[in-house]
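> Please find the sequence and the predicted model below.
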Amino acid sequence: MAPMAPVVSKLYCSPSQANFIVRRRPRVINGGGFVVTNNNSQKVVFKVDGCGILGVEGELVLKDSDGESLLLIRRKGGIVQALCINRQWKGYKINFEGDEKLVFTLKEPVSYIVKKIPVKIMVEPRCNKDWDFEVKGSFQDRACSIVDSKGNIVAQVVVNNELEEMRLSKDLYHVVVQPGYDQAFVFGVIAVLDNIHNESTVC
């Protein structure tokens, strides 16, 4: 039995490996975004709106299958942020009353896309001084992994080679989440990576 590692909620931590399919949505729908389905049943598990709740650029919303908001993710802006070596994204859990609670911070190095420097992620409450998770590899090539600070693979983004017609468009890809890890958190991170690469979640 894998230990649970909830970030958003233990409801999204499965005791077994979970396989998902991500499909890009048309940009006319809430600024685009993507839909996550279960690989076996094809049922929708998560949805990501690319322009947030109010149609704001640099704001993403992760929803459950019923359309309820789970995570509100904002890119931190301002002059100070522009001068930093890292761009920051903040992920907030939303409760039924609409209150926001910070659950993770993702630091995007300004040279991430060019030099493939790993993206660092810290969760709240802080467990480590530096980082708790990082993204290694190339999201753009659909060949990357989220790993924890101990080097364990949390999730992997891969292209299904059987779907030949979809390989070049990259409108469809697979995500494998290992047992015990928070699937909602994983897709919150993937939503940020999507936006960084100017893909489906860009307004």
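That came through, no problem.

> Doesn't Gln88 lie inside a strand?
Yes - per DSSP: H, G, I helix; E, B strand; the rest coil, Gln88 lies within a strand segment.

> list the contacts for the closest residue to it other than its chain neighbours?
Nearest non-adjacent residue to Gln88, counting by C-beta to C-beta, 6 or more residues apart in numbering: Lys76, 4.3 Å away. Just so you know, the C-beta spots here come from the backbone N, C-alpha and C atoms, and that holds for glycine as well. Residues in contact with Lys76 (C-beta atoms under 8 Å, 6 or more residues apart in numbering) are 87-90.

> per-residue pLDDT, Lys76?
pLDDT recorded at Lys76 is 83.

> How about Ile79?
pLDDT, Ile79: 41.

> quick one: the residue nearest to Gln88 and Phe187, what's the gap?
From Lys76 across to Phe187, the span is 20 Å (C-beta to C-beta, to the nearest Å).

> Give me the below-cutoff pLDDT ranges for this protein.
Scanning the chain with the threshold set as pLDDT under 70 gives 1-2, 27-31, 77-86, 110-116, 127-128, 160-170.

> top helix in it by residue count?
Using DSSP state H, we find that the single longest helix of the chain is helix 183-196.

> so how far is it off the chain centroid?
In terms of C-alpha atoms, centre = their mean, to the nearest Å, the centre of helix 183-196 is found 1 Å from the chain centre.

> Using PDB, write down the CA coordinates of it.
Output of helix 183-196 as PDB, limited to C-alpha atoms (Å, rounded to 0.1, in the frame of the first residue of the first chain):
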ATOM      1  CA  GLN A 183      -3.700  13.600  -9.200                       C
ATOM      2  CA  ALA A 184      -5.300  17.000  -8.900                       C
ATOM      3  CA  PHE A 185      -1.900  18.500  -7.900                       C
ATOM      4  CA  VAL A 186      -0.200  16.800 -10.900                       C
ATOM      5  CA  PHE A 187      -2.700  18.300 -13.400                       C
ATOM      6  CA  GLY A 188      -2.300  21.700 -11.700                       C
ATOM      7  CA  VAL A 189       1.400  21.500 -12.500                       C
ATOM      8  CA  ILE A 190       0.700  20.300 -16.000                       C
ATOM      9  CA  ALA A 191      -1.700  23.200 -16.500                       C
ATOM     10  CA  VAL A 192       1.100  25.600 -15.700                       C
ATOM     11  CA  LEU A 193       3.600  23.800 -18.000                       C
ATOM     12  CA  ASP A 194       1.000  24.100 -20.800                       C
ATOM     13  CA  ASN A 195       0.700  27.800 -20.200                       C
ATOM     14  CA  ILE A 196       4.400  28.400 -20.000                       C
END
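
> in it, what's buried?
Within helix 183-196, the residues that count as buried by 16 or more other C-beta atoms under 10 Å are 183-196.

> With distance to Ser145 as added columns, please give those in TSV.
Shown next, in TSV, are those (distance: C-beta to C-beta, whole Å):
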residue	distance to Ser145
Gln183	15
Ala184	18
Phe185	14
Val186	11
Phe187	15
Gly188	16
Val189	11
Ile190	12
Ala191	17
Val192	15
Leu193	12
Asp194	16
Asn195	19
Ile196	16
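
> Out of the residues you listed, which is nearest to Asp49?
The nearest member of the buried residues of helix 183-196 to Asp49, counting by C-beta to C-beta, is Ala191 at 9.2 Å.

> Right, I'll call it a day here.
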